[in-house]
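>>> following is a predicted model, sequence given first.
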Amino acid sequence: MNNRNLCVIGLGYIGLPTAAMFAKVGWNVTGVDVNPVAVDKLNKGEIHIEEDGLEDLVKIVVEAGSLRAQLQPTEADCFIIAVPTPHHEDNTADLSYVIEATKAMVPFLKEGNTVIVESTIPPRTINDIVAPILSEAGWIPGEDIYLAHCPERVLPGRILIELVENTRIVGGINHVSAQRAAEMYRSFVTGAILITRAVSAEMSKLMENTYRDVNIALANELVKISEKLDVDALEVIQLANHHPRVNLHQPGPGVGGHCLAVDPYFIIEKAPEQSILIANSRQINNSMPKFVVNQVTKLLQDKNSKIAVFGLTYKGNIDDIRESPAMDVLSLLQMEGYKLGIYDPHVKQERVNFYLSSFEDAIADAECILILTDHSEFKQLDEEAVLNHMKNPLVFDTKNCVTISSSKINYYNFGSLANIKSPLKV
Ligand code: SAJ
């Protein structure tokens, strides 16, 4: 199988590692991207994204001549499309990049080629969108061109490990297409390779993230119920999860990232009348930033108060603020008129258009520290600084990640919201 020609269209956080991995095991790979900076960098053995170990691998395979990049596709035995599938304002999938990439590839197709779409796509996209583009060019998908969907399921920061070890689901427009695609991945995947139909592969990828989004919504709804009934929601989750078959997820200020907060919509758009639970879960998770701000206004009724906002990224120990609920909380607090000191040790100042404070500056004269992301740096706060520099030593921890030892610091989390009955007079 090795020493075959592969064309990977889309050199982002999935396409680039995938291209490098195939090149590493002997494929002759041409990477294609519309971004000339990415193309130039790659041909110098450099990369335009951050991912552990990737630059070293790219340098090796580029110097070995097994990977090169260009702006246009080229003839090959196999093609992988790994372009973004963002969402429109109405949360429906924007398939324009997938359609453009497929059309750009068509002139280079030869009989017997295998085409794989790795991009996350709504159910039935392979059958109803991609296959017709090939048919319009005179091909018979599944017969003279093999067509499959192989969703990526790797976690940023572990991509090169998970590309090899994770189970891969390969869904063909027919069985022989799935087998052809599976044969390609067997050149480096050590995890199981599960063969199925294209629509099952599309739906299973979406359901992985939808499963988590719905379960996080269940935890967030439990928090709202518990506030009303004066129950400690975090204790309830901890107790219930002792059951061998219960796995209640963790509540938070909302669900971020371009996976859990997006993929459910790709199902909803295809079956809106049937996707009641999935749609309501999205609404519950999207309501959490406002819910957090409502709790803050109960704690700090004086809108001239200063709040130290800790954490902007969509989850702990990363630098990604895209689709982050913390950014929604920030906007809502600004609209309420609070003064804000914003601190996130993982976010570089050049990534945002507002001032990022140091820890000390953020807490100075603040009447609340609001924890929105579970960065490791937040787990043990400098309590002496909190007691000496805050106007009012109070921490509201929406990620239940801070350990406070001083009894002089008022601490609230999603398990103690009912205690925020008597707003503190400030
Ligand atoms: N979150 C909660 N409560 C929880 C777990 C997460 O509020 O119990 C929040 C996080 O704070 C974050 C959001 O959900 O805002 C998403 O976090 P995540 O770590 O669950 O998801 P991602 O987007 O970083 O990665 C997910 C993963 N998919 C699954 O776990 C099924 C990852 O394995 C996928 O590779 C990735 O989506 C993807 O690319 O699809």
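Looks like it came in fine. Remember, predicted model here, so these are calculated numbers, not experimental data.
>>> other SSEs contacting the helix or strand Tyr97 falls within?
In the assignment (DSSP states H and E), Tyr97 maps to helix 96-105. When contacts are defined as 3 or more C-beta pairs under 8 Å, 6 or more residues apart in numbering; DSSP states H and E, helix 96-105 packs onto strand 5-9, strand 78-81, strand 114-117, helix 131-136. Any C-beta I mention is one placed from the backbone N, CA and C, and that applies to glycine too.
>>> shaky segments in the stretch 201-350 of the chain?
For the stretch 201-350 of the chain, no stretch has pLDDT under 70.
>>> just to revisit the earlier point, let's have the helices and strands packed on helix 96-105 in TSV, adding mean pLDDT, mean neighbour count and distance to the ligand.
Converted to TSV, the helices and strands packed on helix 96-105 look like this (pLDDT from 0 to 100; neighbours: other C-beta atoms under 10 Å; distance: least, C-beta to the nearest ligand atom, whole Å):
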stretch	mean pLDDT	mean neighbour count	distance to the ligand
strand 5-9	98	25	17
strand 78-81	98	26	16
strand 114-117	98	27	15
helix 131-136	98	16	24
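>>> quick one, which of these is nearest to Glu55?
For Glu55, the closest of these is strand 5-9, at 17.3 Å, according to C-beta to C-beta.
>>> okay, now the sheet partners of the closest one, with direction.
strand 28-32 (parallel), strand 78-81 (parallel) (DSSP bridges).
>>> tell me the helix or strand right after that strand.
With elements assigned by DSSP H and E, the helix or strand that comes after strand 5-9 is helix 15-24.
>>> that following helix - what's its average pLDDT?
Here helix 15-24 scores 97 as its mean pLDDT.
>>> does anything pack onto that helix? Which helices or strands?
Packed next to helix 15-24, using 3+ C-beta pairs under 8 Å, 6+ apart, are strand 5-9, strand 28-32, helix 54-63, strand 67-70, strand 78-81, helix 159-165.
>>> can you list these in TSV and add distance to Ser96?
Converted to TSV, these look like this (distance: least, C-beta to C-beta, whole Å):
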stretch	distance to Ser96
strand 5-9	14
strand 28-32	16
helix 54-63	27
strand 67-70	21
strand 78-81	13
helix 159-165	25
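>>> so which residues on the stretch 301-426 of the chain come close to the ligand?
Tyr314, Lys315 (C-beta under 6 Å from any ligand atom).
>>> and the helix holding Tyr97, what's buried?
Tyr97, Val98, Ala101, Thr102, Ala104, Met105 (16 or more other C-beta atoms under 10 Å).
>>> repeat that for stretch 67-81.
Leu67, Arg68, Ala69, Pro73, Ala76, Asp77, Cys78, Phe79, Ile80, Ile81.
>>> what about the residue nearest to Ser275 when sequence neighbours are not counted, distance to the ligand?
Distance criterion C-beta to C-beta, 6 or more residues apart in numbering; nearest residue to Ser275, sequence neighbours excluded, is Ile268 at 4.3 Å. Shown here: Ile268 relative to the ligand, a distance of 17 Å by C-beta to the nearest ligand atom, to the nearest Å.
>>> quick one: contacts for Ile268?
Asn91, Ser275, Ile278, Ala279, Arg282 (C-beta atoms under 8 Å, 6 or more residues apart in numbering).
>>> ok, Asp144 next?
Glu111, Gly112.
>>> that one and Ile116, how far apart?
Remark: distance between Asp144 and Ile116 (C-beta to C-beta, to the nearest Å) = 16 Å.
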